[in-house]
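1. okay, predicted coordinates and the sequence, questions at the end:
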Amino acid sequence: MEKQRLVRELVAIVGSKWVISNPEDLLVFEYDGSVSRGLPDVVALPSTVDEVSKIMRLAHQEGIPVVPRGSGTGLSGGSVPESGGIVLAFTRMNHILEIDPVNRLAVVEPGVVNIDLTSATSKYSLHYVPDPSSQRACTIGGNVAENAGGPHCLAYGVTTNHVLGTEVVLANGDVVWLGGKTCKPGYDLTGIIVGSEGTLGVVTKIIVRLMPDPESIETLLAIFKEMDKAASAVSAIIARGIIPAALEMMDRLTIQAVEPAIHAGYPAEAGAVLLIEVEGLKEEVAEQANDIEGICSAEGAMEVRRAKNALEKERLWAGRKNAIGAIGRLSPNYYLLDGVVPRTKLVEVMRKMADTGQRFGFQICNVFHAGDGNIHPNILFNTQVHGETQRVLQAGAEILKACVDAGGTITGEHGVGLEKREYMPWIFSDEDLEAMVRLRVAFTHGAPLNPGKIFPPRKARNE
Amino acid sequence: MAEVTKSRALLSEGLQTQGESGLYRCVNCGFCLNQCPTYIELGLETESPRGRLSLMKAMSEGRLELTKGVIGHLGLCLQCRACEAVCPSGVPFGRLMETARAGIVQHQPGSLGTRLVRSIVFQGLLPHPRRLALLATLLRFYQRSGLGWAMERTQVLRLLSPRLARMNEILPPLPGKPFSTDSRIVPSLGNKAQRKVAFFSGCVMSMIYAEVNEATLRVLSKNGCEVVVPREQVCCGALHVHSGERDIAKNMARRNIDAFMGAEIDTVVVNSAGCGALLKEYGVLLEDDPLYAHKARHFAGMVKDVTELLTPLPLEPGLGEIKKRVTYQDPCHLAHAQRISQEPRQILKSIPGIELVEMEDASLCCGAAGIYSITQSELSTRLLERKVRNIAATGVEVVVAPNPGCMLQLRLGLKRAGLNVRVAHLVELLDEAYARSTPTYPLKI
Amino acid sequence: MSRNDLRNVIGSVLDKEGILPFEENTGYAIGEKSPQIVAFPKTVEEVSKLLSLSTQEGVAVIPRGGGTQMGLGNIPRRVDMVVGLSRLSRVLEHHAADLTVKTEAGITLGELDSALAPARQFLPLDPMLPESATIGGILATNASGPLCLRYGTARDMLLGIKVVSASGVVTKAGGRVVKNVAGYDMNKLYIGSLGTLGVIVEATFKVAPIPRVKATLYATFESIEKASDYAHRILHSVFRPLALECLAGSTTESIGLKLGIDIVQKGIAVAALFGGVPSVVERELQESQDICQRTGAVSFVTLRGEANDNIWGEIRGLGRDDKESPRLVTMANVLPSDAFQLVGTTQALGEELGLTTGVVAAPGSGTVRGFWEIRRPENMDMLASLIMKLRGLAVDLKGSLVVESCPTSLKEKLDVWGAEGADLAIMRRIKEQFDPKGILNPGRFVGGI
């Protein structure tokens, strides 16, 4: 379809104000939070499911790729329109449609910003659990697409564990509800849609579960001289049968980036810190906090601090939540990985990683969900230095391979997107991937819905 | 054409010098998005800090020309720097935007009328305190004559020029006399002066809020300060910098530094957030000036907002009761540029009788943003209306905003909404509280 | 293919113990349709070969675990071969320090929990008959029990899965780590798919530490309103019970009788299970007792140790098939806030029809099960209309109702799954993609899938 006609058709659906087609304006839709880039042909900002459906139908008739986008904070290129087409931006569909405090659920549009949901439910002493570090910016729709996690997903699960149902516009424009407020018989299509990276359908409404606020919360900061010791403390805590609400680790380099920016109070001399939060009834919180303190000391912690009040707690968390961005201070570019390893293999994989960093001559910052074994190495590099981008990708691949070899996986919460599609064959056989392709065909009949994501290019060609 | 290319080269050069330490710190994390008033209001990436930075990057890389559209996106920025305050990577957004604006001014001088007005305001008026004083007197005459009221009622002005009409509407009744900077020295009211400070009076404050300046002197004096008001001081240059007139601003910075460095002081006190933010950045503004770079850094280090100066001290006793519900609006250039947000609240809470009620999004820009309310009146109005709704929801009697731009804007919004909420500077309330229970407290200094 | 040919072909794939003597096949009938062959493969490869052959020859396959849920679903269109997984019963990897376990699908929940017990861990799923129910069957039927209040269902703990497709291809999904978003979440596809998309052969779970102590407060009330008031106060407190179930009608009586403990048998009972750190459990019990008093409980008793285990065993087992006296078991799912209303209507309907009726509801999740005694076969029309009526009520409450178990003669009169949604079209397409010849449990699942 000729671009001008496409623009006209889109304008007829959403209005001229909400179609972006000037080349200079399209430029700001070429990125997300990752290193991937791709220019869309046009951006449409629908405000209703009806508009979304019409756009999808139009795209379907014309065979135009559609790429859904929330706030563009994703870390795997999920919303980057690699092969152009229409970017469907959901910033206008940002209404919280319903909060049901009795049944502890909420119905939201996909463009609702994650933290806004928790803010809106706090008056009922309820909250939405998944809390990605980008929660002040990222949308629930994007969270659903990537099956986002966050520090507090250790005890209560990631996005998929908190989504009850979704209204989905299929590639051909049909609107269907998958799941709902109550359990219904049939295949768990909600479970399939969550984490499908916008390749099966476009989510237009989401029913989420809300969790009651705990009676008591204790936030601890355990300071270690060496990363190894912190990592063994993590294993020891889990092995003791304590599943904290959050169990986060930051290494020396990360602390050095965070402290000047955030002043979270992490000691500069530390080799690693663990940020641990336990919550629940006050008796159990007290007991678990004591146990954790004991375990950390036994594992060689230099000091274990406890936040004395809400302000101190907030400060400790501010360091963690801003860590990834703060690393931008150390280096012009960084390559952020999202590998997962069995928790007992943390020490082993961290050592291999350090070795990789040394061999390639890269500094690596580590800030991650230690309790889940979900590591986030940030490899510092500079795109301006010739050949460095290529080498950083190699180093990243080596680290992810180490994760896979240790029994882990290539992505824990950021999604495969464009970045890691080449690595999918490390964990899945042709047959495994074939099953996923079949599922996709069942949803899309082969329509180019967020094309190029998840599947290695070879596989994608066979679709 | 050659001219255009040269200007563009200049713009990208300007951005590139900031590049390594500035532009390329942005890692697209998006944390800034929902702090940005224009993004919140419009929901468009093009009108977000991250979007603007990526436009700047593209220009600096030569991928993008400085088109009308780009100028539009950059021009819509309020320069409130809310993005900068939350940026984990430490992108100096304010500076980058100022650089970009400077490039735009050189690249696209605008229509003859716009150029004329800019030249009159930025060069002919603001750097000259006496001309400003004269203007204030003329304006006051205009108001008292009933002409201003007539203009507003008859809408004649709106027909002539909507911008002038808006300016007419914004302007509150002016004081009888502008604030005088005639080398005054105000002694400390206490037994002995604990510190010697110099007061930066600010051009808008002096013209429109002379009384607030007087109150500031009294409160400082009561709290153990001997206050000097240097005579040779001029406008800080903030409006210039934000509009891309960096060279004029640099000149004014030099004049101010000369004016203040003469006095034996340890602090430069300012009660206007916008001025304070720039004064604190004089060091950066003049970093390339071999003669002034050092002095500018030293000067910048001495600048303190009045709330910043007062909070570490326990306030001098003698505060009378003010039984009022009050809400606090964070001026952008105090909260985001200077990172001062707790101090004013602490001071408010220390005044007996005052009940501080927080409004929703207190740190979101009210839409004033220097001359933004005049140049981008539509979006400014939307932000103002949002702000007024949030203020109304608190049910307060007073809204405190220690910055002249915010005070003018809030007053306008509340007036339009027909709400009976007083707009006050923080020191006004302090001053009133002292006046209530301290018999010796001077009414005039 | 004739029966003998089939037995010969299958026999070439399996060992001697792999095929059940023909005369025993009737014991494996489903919907009164007896299979021609009952096979017990002992390796994944054997399962693969069986299925590949089945697709080739168009043999209808009914996967089977412990047989506790064979009553679930519509009557299959065809029953050619039952594939029993009970010989695939090894625990493959237990990473105690990681709190993960990988197991073959034919192991029973009881056996798995025994293997985990030395590390003081367990799989927090508690469907009925844990000594018979297999992991594969539990996953295929998405079976859960009272503990889902605290621990969720299979979808919340399944980390990885290995499945043999209809054509015999072995595929896996997920992995052994607790967070994983590489590719589509295929785990979810197989949970609750009743073996219509493939045969589950292996599963990896995250397991939970066994709570240090457990105790139940069993309280009885004279009215639904009071019981509801009590239950909601507990559920909306800061407490985090492991389970909370409400019993009404014949179930309160039978539980009391079976336990042989001195609890009031009439009225409505609410059993709240608390677990964890001793000091917390004691506080939860104490404060719940206070709530009992405030909400006008007729009686309440604290059960610990064996008594505690027994009562939950009984509650979980209420839905089991009873060959002696066949029953109708319905499961409705409504919003938690509507659960007690449905408990009331379920009971009232039973009384209206003069049927012995028991109800067990989980007001935390909105699941309401009804147990109806079937005395005479001629009651079937009446029961069918009862189901339609109750289903109508559930649907009015924006919920659904599934018949979990009933005599075949009743199944012939209705669809056990209930109304179909707009998403059925997608489900059908998925089935076509995964089992194009329709050999797996044909017709047994939702919408005739």
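-> Thanks, I have the structure now. Given the structure is predicted, the values throughout are model-derived calculations rather than measurements.

2. centroid residue for chain C?
-> Centroid-nearest residue in chain C, with C-alpha atoms, centre = their mean: C:Ala143, separated by 2.5 Å.

3. helix, strand, or coil at that residue?
-> coil (DSSP: H, G, I helix; E, B strand; the rest coil).

4. so which bits of stretch A:85-102 are buried?
-> Going by neighbour count (16 or more other C-beta atoms under 10 Å in any protein chain shown), the buried part of stretch A:85-102 is A:85-94, A:96, A:99-100. To be clear about C-beta, it is placed using only N, CA and C from the backbone, and glycine gets the same treatment.

5. that should have said stretch B:290-300, apologies.
-> So stretch B:290-300, judged by 16+ other C-beta under 10 Å, has buried residues B:292-293, B:295-296, B:299-300.

6. number of nearby residues for C:Pro326?
-> 18 (other C-beta atoms under 10 Å in any protein chain shown).

7. list the contacts for it?
-> Applying C-beta atoms under 8 Å, 6 or more residues apart in numbering or on different chains to C:Pro326 gives the contacts C:374, C:406-407.

8. next: B:Lys349.
-> With C-beta under 8 Å, 6+ apart, B:Lys349 has these contacts: B:Leu356.

9. quick one: which helix or strand includes it?
-> helix B:342-350 (DSSP states H and E).

10. any stretches of the stretch 201-350 of chain A with poor pLDDT?
-> Of all residues in the stretch 201-350 of chain A, none has pLDDT under 70.

11. ok, 80 please
-> A:325, A:328 (pLDDT under 80).

12. what residues does it put near chain C?
-> Residues of the stretch 201-350 of chain A lying near chain C by C-beta under 8 Å from any C-beta of the partner chain: A:212, A:214-215, A:235, A:238-239, A:241-243, A:280-281, A:283-284, A:287-288, A:340-344.

13. which of these fall in strands?
-> Using DSSP state E to define strands, the subset of those located there is A:212, A:280.

14. helices along the stretch 301-445 of chain B, start to end?
-> B:306-310, B:332-335, B:342-350, B:372-375, B:377-394, B:404-416, B:426-437 (DSSP state H, counting those that start in this stretch).

15. and those helices as JSON lines, adding mean pLDDT?
-> Formatted as JSON lines, the helices of the stretch 301-445 of chain B follow (pLDDT from 0 to 100):
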{"stretch": "helix B:306-310", "mean pLDDT": "93"}
{"stretch": "helix B:332-335", "mean pLDDT": "95"}
{"stretch": "helix B:342-350", "mean pLDDT": "93"}
{"stretch": "helix B:372-375", "mean pLDDT": "80"}
{"stretch": "helix B:377-394", "mean pLDDT": "94"}
{"stretch": "helix B:404-416", "mean pLDDT": "93"}
{"stretch": "helix B:426-437", "mean pLDDT": "92"}
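
16. tell me which of the ones you listed lies nearest to B:Glu281.
-> helix B:332-335 (10.4 Å; C-beta to C-beta).

17. contact partners of that closest one?
-> Counting by C-beta under 8 Å, 6+ apart, B:78-82, B:85, B:238, B:273-274, B:276-277, B:305, B:307, B:340-341, B:344, B:363, B:365, B:369, B:402-403 sit against helix B:332-335.

18. among the contacts of C:Pro326, find me the one that's closest to C:Val280.
-> Using C-beta to C-beta, these come closest to C:Val280 at C:Cys406, 41.6 Å.

19. quick one, phi psi at the closest residue to the closest one other than its chain neighbours?
-> Closest residue to C:Cys406 apart from its sequence neighbours, by C-beta to C-beta, 6 or more residues apart in numbering or on different chains: C:Leu328 at 4.5 Å. In terms of degrees, to the nearest 10, the main-chain angles of C:Leu328 are phi -110, psi 130.

20. for C:Leu328, which residues count as its bridge partners?
-> Here C:Leu328 shows beta-bridge partners C:Trp372, assigned using DSSP bridges.

21. so who does it touch?
-> Applying C-beta under 8 Å, 6+ apart, the residues near C:Leu328 are C:370-372, C:374, C:383, C:387, C:403, C:405-407, C:410.

22. mind running it again at 7 Å?
-> Shown in contact with C:Leu328 (C-beta atoms under 7 Å, 6 or more residues apart in numbering or on different chains): C:372, C:374, C:383, C:406, C:410.

23. and the helices of the stretch 301-445 of chain B as CSV, adding distance to A:Leu316?
-> Formatted as CSV, the helices of the stretch 301-445 of chain B follow (distance: least, C-beta to C-beta, whole Å):
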stretch, distance to A:Leu316
helix B:306-310, 26
helix B:332-335, 23
helix B:342-350, 18
helix B:372-375, 37
helix B:377-394, 30
helix B:404-416, 33
helix B:426-437, 31
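
24. of the residues of the stretch 201-350 of chain A next to chain C, which belong to helices?
-> A:235, A:238-239, A:283-284, A:287-288 (DSSP state H).
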